[in-house]
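[1] Okay, predicted coordinates and the sequence, questions at the end:
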Amino acid sequence: MAKVILLVLGLLLAYWVLRGYRRRIDSNDAPSAGAAEDMVRCERCGVHLPRSESVAAQGRHYCSVEHRERQSG
Ligand SMILES: [Zn+2]
């Protein structure tokens, strides 16, 4: 009998862990789920890149300094 209880507990645990894991993957995929890092779009060429790698100027984001210079000039 104890074996059955252990089996059920094991299945519940596996189900719970898998559900949490899937939710984490889903939240990474969702565009507006408040992921670890925001993605921004270059105003010049439209490429998407992480905010930390972007060049910001006047509230806009660019993929490189070169694109920022061209936009403002
Ligand atoms: Zn660009």
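    Great, that's in hand.

[2] Spell out which parts of this protein neighbour the ion.
    42, 44-45, 63, 67 (CB under 5 Å from the ion). Heads up, the C-betas are built off the backbone N, CA and C, glycines and all.

[3] Would you check which pair of these lies furthest apart?
    Spatial extent of the residues of the chain next to the ion (CB to CB) is set by the pair Arg44 and Cys63 at 7.3 Å.

[4] Of these two, which one has the most company?
    Cys63 (20 against 17; other CB atoms under 10 Å).

[5] ok, then the element right after the one helix or strand Arg24 maps to?
    In this assignment (DSSP states H and E), Arg24 forms part of helix 2-29. The helix or strand immediately downstream of helix 2-29 is strand 39-41, counting by DSSP H and E.

[6] Next, count neighbours for the spatially closest residue to Arg68 that is not a sequence neighbour.
    Leaving aside its chain neighbours, Arg68 sits nearest to Tyr62 (4.2 Å; criterion: CB to CB, 6 or more residues apart in numbering). Tyr62 is flanked by 24 other residues according to other CB under 10 Å.
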